[in-house]
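In: Predicted coordinates and the sequence they were generated for:
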Amino acid sequence: MYLSLKWLREFTPYDGSVERLAERLTMLGLEVEEITRPFVHLQNIVVGRVVETRQHPGADRLSLCRVDAGQGELLPIVCGAPNVAPDQFVAVALPGTALPDGKRITRAKIRGESSRGMICSEVELGLGEENDGIMVLDGPLVPGQDMLTVMDLDDWVLNISITPNRGDCLSMVGLAREVAVEFNLPMTLPDTRVIQDGPSCADALSITIDDPDLCPLYQAGIIRGIAVAPSPPWLRHRLLTIGQRPINNVVDVTNYILMEWGQPLHAFDRGLLSGNSIRVARAREEQSLVTLDGRTRRLLPADLLIWDAEKPVALAGVMGGANSEVTQTTTDILLECAVFNPISIRKTSRRLSLTSEASFRFERGVDQPGSRQAMNRALALIRQTAGGTVMQGIAAHEPHPWQPPRLVFRPARAKKILGVDLQPEFCRQKLAALGCAVDVQDAQAWRVQPPGFRPDLEREADLIEEVGRCHGLDRIPATLPRTARSLDWLHSLAPDTAFRKTVKHWARGIGLTEAINYSFVSSQDLALMGLDRIPAIGLRNPLSEDQNVLRPMLAPGLLQSVRHNMTQGNTTLRLFETSVIFQPDPDSETGALEPSRLGLALTGNRHPEGWPWPMEFVDFADIKGCIDHLLRHLHLPHAAYAPLDEHPICLPCAGITLGGEMAGWLGRVKSEIADHCHVRRDLFLAELDLTLVQRWHAQSRLEFKALPKFPPVRRDMTLIAPPDLALCKILEAIQAEAVDLLQEILLIDRFVPLDKPEARLTLRLTYRHQDRSLTNEEVDKTHQKLSQRLASLLPVRFS
């Protein structure tokens, strides 16, 4: 948004420097990106008076002029403009002057005649697009004066970055209001009085709105007998100052009001509209419209159109149609002033890749109750610049009148949030200056009604932010936090938050690095990983197609983190992430469940480079060890691991069960997925259901036992089993026997002969009694009984 300092001073008497203004606007949250003087080049252009002209002897279309440019002598200048004549006051570029297009004027001989300057046109000065002759100034003027002063164009322009929530600042009035509040200045709104001396507009036009949710207000005014022509200089120059291209007096007024009030308007050629009705309705199937830029737009039923009695004439809130464009032959116009649904406009604008100044403002919300003032201001300016008769009143339909929100503002709450003691009177004055209606009957809880041009003020926190901005967030003193406080605040954390902090602390403690990924993932990435069969929640308005689905697992984000690190040369990774995933649930209030998960990703070297260890790479045992370590850290029972026949990401893969409930999975990422992530070594992933683990953790009890006083007795057991018999099945069978003396089971060896379809597993069983030493006889007896039981339960034999 461009802010003209000269235009600003028409609304509020700011007399400070432009640098001070830029600083305070930035501190208000309106970041000033650039400060320019758009017409500074005119100070090198001077006023000249054409004293005499005569035909160039060597060219029929050139004139020899003698010009008084205040240099103490008459300058000979060769001019090719057909409209040059004696006694004219013109703009003269003297030798050495640089024009906006980069051309530098020098002394020259043109067809044998000396020329010591150039008489300029509007195009050459950057003041317009009319190039059919020189610019003739209204006199009398003093030759030699610089054009910047004569034309009163010495202005500063600030280029301001407006955040999406501050649509009210996409206007001169809105920015002037911010300046007035910041510097405690009075605010004067533009004159919106309009002379209406024609017949009733409401009787001549009817308005219908098919879907009030998409268009809560539509207004139209009619002006008859206008003359479409170039705008007067003040209007053209004002638009050029803020980067707008002048077109004609009617269109220029609509653009002027757009920049002044922030209210988009559109002018239709009334003679090209069929019937006496306007209808706001959606597009039909396979419908198209040629817009003002000459392109044919293919429309969808979701797109909103403006219709006359027969045809669509505009793409609502985005761009008008070429079939109702205002041209030089237009004599009657219909002026539209409406309010459209921001979401609808945004969808249409993005789908068609068609962004306009109007759609940019409608997407951010416009001032519904203030739109009538903008309408009257436009009618008055069109009547002033194009003549004509303004019909009495306007035609309007407002199916959804604006309902102002009613908010509560507590000065004590503002003090607590901002950390600074603001006087209640200061808060009341600033809120009122911002346009809010403030009722302070209850001194503890004020009733505040925001204005229509501030749809971003939705709750008390927004009002507190406003008084904080007005005070100046940069003016809040910096204080050190209090470090001496009770640790009771730790107990006030939500259980989920406290448990996740515990898990994060554990992960960092064993050397894992936290990854924080977006909750949004790409549906294409899910398909690549085979996750497209898992129910996922799509976004209605994704920021991009790379983020169009809510993640059903943590794995996609972790794989993206792995891929990014690999491209940066980080080949050894130990990542973890704790966050929620999203699962569709029609019975949920939000339509989704958000269980908490822990994700792990390991790849690369097992030991840091430079350690005196053999080069080894992480494997299945490392990631399984992480899970086992976490469960021990949380004082939970051992997890059981069983092979999963099918998994979209990992092969091989094992499921993790805790107390008979599925708690997660871990495994080696499939080669085709690992290749996509540029991983050279095996990549291992794991995902654990923290919601389930937290429930088990809440039920767990930490028990202390005396250290064993008596020595253990160990026995090895070598089983010959089918190669597809999982170790977990053997361990479950042993643990199911509930042998009191059995303290620990370890797999110490596994051997698979090449010539036999069998596997040899050696287990080491540790027996111990808490109160006495065990004898070899009773250990052998227990060990043999256990072996016989296993042989009866499983297809194993012993060697």
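Out: Done, it's in.
In: Please count neighbours and contacts with C-alpha atoms only from this point.
Out: Fine.
In: mind listing the strands in the stretch 601-750 of the chain by residue range?
Out: 640-643, 650-658, 661-669, 683-689, 713-721, 742-751 (DSSP state E, counting those that start in this stretch).
In: so residue 728 touches residue 642, yeah?
Out: Yes: in this structure, residue 728 is within contact of residue 642 by C-alpha atoms under 8 Å, at 6.2 Å.
In: if we can go back for a sec, can you redo the strands of the stretch 601-750 of the chain as CSV with mean neighbour count?
Out: As requested, the strands of the stretch 601-750 of the chain are exported to CSV (neighbours: other C-alpha atoms under 10 Å):
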stretch, mean neighbour count
strand 640-643, 19
strand 650-658, 20
strand 661-669, 22
strand 683-689, 24
strand 713-721, 18
strand 742-751, 14
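In: and the ones you listed as a markdown table, adding distance to residue 160 and mean pLDDT?
Out: Output for the strands of the stretch 601-750 of the chain, formatted as a markdown table (distance: least, C-alpha to C-alpha, whole Å; pLDDT from 0 to 100):
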| stretch | distance to residue 160 | mean pLDDT |
| --- | --- | --- |
| strand 640-643 | 60 | 85 |
| strand 650-658 | 51 | 90 |
| strand 661-669 | 49 | 93 |
| strand 683-689 | 46 | 95 |
| strand 713-721 | 76 | 91 |
| strand 742-751 | 69 | 87 |
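In: Which of the helices and strands in the chain ranks last by mean pLDDT?
Out: Here the helix or strand of the chain ranked lowest by mean pLDDT, DSSP states H and E is helix 727-736, holding a mean of 82.
In: Counting by contacts, list what that helix packs against.
Out: strand 640-643, helix 776-793 (3 or more C-alpha pairs under 8 Å, 6 or more residues apart in numbering; DSSP states H and E).
In: deepest of these, which one?
Out: strand 640-643 (a mean of 19; mean count of other C-alpha atoms under 10 Å).
In: can you give me how far it is from the chain middle?
Out: 44 Å (C-alpha atoms, centre = their mean, to the nearest Å).
In: Same check on stretch 290-305?
Out: 25 Å.
In: gap between the two ends of that stretch?
Out: This stretch, stretch 290-305, spans 12 Å end to end (C-alpha to C-alpha, to the nearest Å).
In: What of stretch 428-447?
Out: For stretch 428-447, the end-to-end distance is 11 Å (C-alpha to C-alpha).
In: buried stuff in that stretch?
Out: 428, 430-434, 436-438, 445-447 (16 or more other C-alpha atoms under 10 Å).
In: same thing with stretch 86-98?
Out: 88-94, 97-98.
In: pLDDT and secondary structure added to these, as JSON lines?
Out: Below are these laid out as JSON lines (pLDDT from 0 to 100; DSSP: H, G, I helix; E, B strand; the rest coil):
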{"residue": "88", "pLDDT": "93", "secondary structure": "coil"}
{"residue": "89", "pLDDT": "95", "secondary structure": "strand"}
{"residue": "90", "pLDDT": "94", "secondary structure": "strand"}
{"residue": "91", "pLDDT": "93", "secondary structure": "strand"}
{"residue": "92", "pLDDT": "94", "secondary structure": "strand"}
{"residue": "93", "pLDDT": "93", "secondary structure": "strand"}
{"residue": "94", "pLDDT": "92", "secondary structure": "coil"}
{"residue": "97", "pLDDT": "89", "secondary structure": "coil"}
{"residue": "98", "pLDDT": "88", "secondary structure": "strand"}
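In: Now the two most distant members of the residues you listed.
Out: 88 and 98 (23.2 Å; C-alpha to C-alpha).
In: Would you convert the helices and strands packed on helix 727-736 into JSON lines that also reports distance to residue 345?
Out: Formatted as JSON lines, the helices and strands packed on helix 727-736 follow (distance: least, C-alpha to C-alpha, whole Å):
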{"stretch": "strand 640-643", "distance to residue 345": "52"}
{"stretch": "helix 776-793", "distance to residue 345": "69"}
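In: for the buried residues of stretch 428-447, which one is nearest residue 660?
Out: Out of those, the member with the shortest distance to residue 660 (by C-alpha to C-alpha) is residue 445, at 54.4 Å.
In: Please report phi then psi for that closest one.
Out: Taking degrees, to the nearest 10, you get phi -140, psi 100 for the backbone angles of residue 445.
In: Test my guess that it contacts residue 414.
Out: No: Residue 445 lies out of contact with residue 414 (C-alpha under 8 Å); the separation is 11.0 Å.
In: can you give me the strands in the stretch 1-150 of the chain?
Out: For the stretch 1-150 of the chain, the strands defined by DSSP E, counting those that start in this stretch cover 2-4, 31-36, 45-55, 63-68, 74-79, 89-93, 108-110, 113-115, 118-119, 136-137.
In: Go through those strands and pick out the most buried.
Out: A comparison of the strands of the stretch 1-150 of the chain by mean neighbour count, using mean count of other C-alpha under 10 Å, puts strand 89-93 on top with a mean of 26.
In: that older thread, out of the strands of the stretch 1-150 of the chain, the one nearest residue 559 is which?
Out: strand 31-36 (37.2 Å).
In: what are the pairing partners of that closest one, and which direction each?
Out: Strand 31-36 has its sheet partners listed here by DSSP bridges as strand 157-161 (antiparallel).
In: which of the residues in the strand it pairs with are buried?
Out: For strand 157-161, burial by neighbour count (16+ other C-alpha under 10 Å) applies to 157-161.
In: Could you measure from residue 13 over to residue 186?
Out: 7 Å.
In: what does residue 452 give?
Out: Taken as C-alpha to C-alpha, the span from residue 452 to residue 186 is 20 Å.
In: before we move on, what about residue 549?
Out: 50 Å.
In: mind listing the helices for the stretch 51-200 of the chain?
Out: 122-125, 147-150, 172-183 (DSSP state H, counting those that start in this stretch).
In: How about the stretch 201-350 of the chain?
Out: Using DSSP H, counting those that start in this stretch, helices in the stretch 201-350 of the chain cover 201-204, 233-241, 249-261, 342-351.
In: ok, how many other residues are close to residue 536?
Out: 20 (other C-alpha atoms under 10 Å).
In: Dump the buried residues of stretch 428-447 to CSV, plus pLDDT.
Out: Putting the buried residues of stretch 428-447 into CSV (pLDDT from 0 to 100) gives the following:
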residue, pLDDT
428, 94
430, 94
431, 95
432, 95
433, 95
434, 94
436, 95
437, 95
438, 95
445, 93
446, 94
447, 96
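In: Keep only those of these that are in helices.
Out: The helices, defined by DSSP state H, take in 428, 430-433 from the buried residues of stretch 428-447.
In: Specify which member of these is nearest to residue 560.
Out: Looking across those and measuring by C-alpha to C-alpha, the closest to residue 560 is residue 431, at 46.5 Å.
In: What's the separation between that closest one and residue 465?
Out: Taken as C-alpha to C-alpha, the span from residue 431 to residue 465 is 11 Å.
In: what does residue 216 give?
Out: Taken as C-alpha to C-alpha, the span from residue 216 to residue 465 is 29 Å.
In: higher neighbour count, the two?
Out: Each of residue 216 and residue 465 has its neighbours counted (other C-alpha under 10 Å); residue 216 has more, 19 against 16.
In: Thought residue 396 was touching that one, still the case?
Out: No: using C-alpha under 8 Å, residue 216 makes no contact with residue 396, being 10.7 Å away.
In: Run through who's touching stretch 318-326.
Out: 250-251, 266-270, 272-273, 289-294, 312-315, 333, 345, 349, 354-356, 358-359 (C-alpha atoms under 8 Å, 6 or more residues apart in numbering).
In: Which parts of the stretch 301-450 of the chain are strands?
Out: Going by DSSP E, counting those that start in this stretch, the stretch 301-450 of the chain shows strands at 304-307, 312-315, 319-320, 333-339, 389-390, 395-397, 407-409, 437-439, 446-449.
In: Can I get stretch 697-710 in PDB? Just the C-alpha atoms.
Out: Written as PDB, here are the backbone C-alpha positions of stretch 697-710 (Å, rounded to 0.1, in the frame of the first residue of the first chain):
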ATOM      1  CA  HIS A 697       2.600 -44.700  32.700                       C
ATOM      2  CA  ALA A 698      -0.200 -43.200  34.800                       C
ATOM      3  CA  GLN A 699      -1.000 -46.700  36.100                       C
ATOM      4  CA  SER A 700       2.600 -47.800  36.700                       C
ATOM      5  CA  ARG A 701       4.100 -47.800  40.200                       C
ATOM      6  CA  LEU A 702       7.700 -47.600  41.000                       C
ATOM      7  CA  GLU A 703       8.700 -50.400  43.200                       C
ATOM      8  CA  PHE A 704      12.000 -50.700  45.100                       C
ATOM      9  CA  LYS A 705      13.600 -54.100  45.900                       C
ATOM     10  CA  ALA A 706      16.600 -55.000  48.000                       C
ATOM     11  CA  LEU A 707      19.700 -55.900  46.000                       C
ATOM     12  CA  PRO A 708      20.100 -59.600  45.500                       C
ATOM     13  CA  LYS A 709      22.300 -61.300  48.200                       C
ATOM     14  CA  PHE A 710      22.700 -64.600  46.500                       C
END
